[in-house]
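Engineer: curious how this folds, go ahead:
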Amino acid sequence: MGFPGTWMTESQSMVYRVVPKCACSTIGQIMYFSDHGRFFDGDIHDANDGMHKWAFNASQDPIARNVQSHGSYTFTCVRNPYTRILSSFFDKICGIQRNGKRYRGNLVPTLIYNYGIEVGGEDGKGEFDQIASFRRFLLFARDTIRWRRPMDPDIHWSAMSGHVSTLIANGGRYDRIFWTEKFNDGMQDVLDHLDTAHRVTLSEIPRFNESEGHGPKRAHPVEDYFDDLSMHLVYEIYKQDFELFKYDFENPANKMPIGEIDLDEIHAKLGD
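Structural biologist: Residues are numbered from 1 along each chain as shown. Model prediction:
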């Protein structure tokens, strides 16, 4: 299985396990800048050189050796499950992707036909009942995760604990897991443990939100999208995410964590 979703700087100053929809574009650009003194020109997910990614054959041996020997500071970043699944819906389902097309080809037409969702028309800019469509999408997301039907779960809405666990299961260990909601504090703590070729000043780093503008703006507060049934579905899908990363399941309006992340607990529970 190896270390899917793992990125490492060329200098091997740090190792990062990507969790989709959790500030991964900004983190990737920070990694790139720390080695090269400049940002990658474009979406960091499209960078084919300048950093190691598990998706590259030539990067797999260096990443595997480093992670298994814990040769570098290793970290990841997580996000409130309520806001993460909402972001996935507006970006991946309602939005037009950077290639000018719908995400995953026939996925959206399938959702419209089988689940009755609306996505704001051809360009994703039209008005529609966001709450009703999101709740129907949530049924679809649950079906993909629980029964792998009508397709395998997508990385953008599969549980964060599943992403985080692959590094642990194959012999890796995290030094830090921090929250998107407290990004500056968490990322600064990571940087404080590193010796990088180029100094990173977080206050001067832009936020690389590559999904922004892909789809319609969220028209309602987060909590309006989640009735009792929706909260039940979210808990069914993301129970472990709420528990391990200390988010508030009871109150969708509270995006902030309600406890401290226990790395030993995470390694014990996700290392089986």
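Engineer: what are the buried residues along stretch 259-272?
Structural biologist: By 16 or more other CB atoms under 10 Å, the buried positions in stretch 259-272 come out as 261, 266, 270. From N, CA and C alone the C-beta is placed, and that goes for glycine too.
Engineer: now find how far off-centre that stretch is within its chain.
Structural biologist: With CA atoms, centre = their mean, to the nearest Å as the basis, the distance from the averaged C-alpha position of stretch 259-272 to the chain average is 18 Å.
Engineer: for it, measure first residue to last.
Structural biologist: Between the opening and closing residues of stretch 259-272 there is a gap of 24 Å (CA to CA, to the nearest Å).
Engineer: which strands and helices lie in contact with the worst-scoring helix or strand of the chain on mean pLDDT?
Structural biologist: In the chain, the helix or strand scored least confidently by mean pLDDT, DSSP states H and E is helix 107-115, which has a mean of 91. For helix 107-115, the helices and strands in contact under the criterion 3 or more CB pairs under 8 Å, 6 or more residues apart in numbering; DSSP states H and E are helix 130-147.
Engineer: in this protein, which spans are helices?
Structural biologist: Assigned by DSSP state H, the helices in the chain fall at 24-36, 57-69, 81-88, 107-115, 130-147, 160-169, 183-192, 228-245, 263-270.
Engineer: ok, which of the ones you listed comes nearest Q12?
Structural biologist: helix 57-69 (5.8 Å; CB to CB).
Engineer: give the rounded mean pLDDT of the strand of greatest length in the chain.
Structural biologist: Secondary structure of the chain per DSSP state E: the longest strand is strand 73-78. Strand 73-78 shows a mean pLDDT of 98.
Engineer: rewinding a little: specify the angle between the least confident helix or strand of the chain and helix 130-147 in degrees.
Structural biologist: In terms of direction (axes from the mean of the first three to the mean of the last three CA atoms, to 10 degrees), helix 107-115 departs from helix 130-147 by 90 degrees.
Engineer: what's helix 107-115 in contact with?
Structural biologist: 93, 102, 117-119, 136-137, 139-140, 150-151 (CB atoms under 8 Å, 6 or more residues apart in numbering).
Engineer: could you list the buried residues of that helix?
Structural biologist: Buried residues in helix 107-115, counting neighbours by 16+ other CB under 10 Å, are found at 107-108, 111, 115.
Engineer: for stretch 127-137, same thing?
Structural biologist: Going by neighbour count (16+ other CB under 10 Å), the buried part of stretch 127-137 is 128, 130, 133-137.
Engineer: ditto for stretch 9-20
Structural biologist: Along stretch 9-20, these residues count as buried under the neighbour rule (16+ other CB under 10 Å): 9-11, 13-20.
Engineer: let's have those in a markdown table, adding pLDDT and distance to F242.
Structural biologist: Formatted as a markdown table, these follow (pLDDT from 0 to 100; distance: CB to CB, whole Å):
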| residue | pLDDT | distance to F242 |
| --- | --- | --- |
| T9 | 98 | 31 |
| E10 | 97 | 36 |
| S11 | 97 | 36 |
| S13 | 97 | 32 |
| M14 | 98 | 27 |
| V15 | 98 | 26 |
| Y16 | 98 | 23 |
| R17 | 98 | 19 |
| V18 | 98 | 21 |
| V19 | 98 | 15 |
| P20 | 96 | 18 |
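Engineer: quick check: the two most widely separated of these?
Structural biologist: The span of the buried residues of stretch 9-20, defined through CB to CB, is set by S11 and P20 at 24.8 Å.
Engineer: ok, E223 to L86 distance?
Structural biologist: Here the distance between E223 and L86 works out to 11 Å (CB to CB, to the nearest Å).
Engineer: more neighbours, these two?
Structural biologist: L86 (22 against 14; other CB atoms under 10 Å).
Engineer: so who does the more buried one touch?
Structural biologist: Taking CB under 8 Å, 6+ apart as the contact definition, L86 lies against 134, 218, 222, 225.
Engineer: out of those residues, which end up buried?
Structural biologist: Neighbour-count burial (16+ other CB under 10 Å) is assigned, among the contacts of L86, to 134, 218, 222, 225.
Engineer: going by distance to N184, which of those wins?
Structural biologist: Top of the list for closeness to N184, among these and by CB to CB, is V222 at 21.3 Å.
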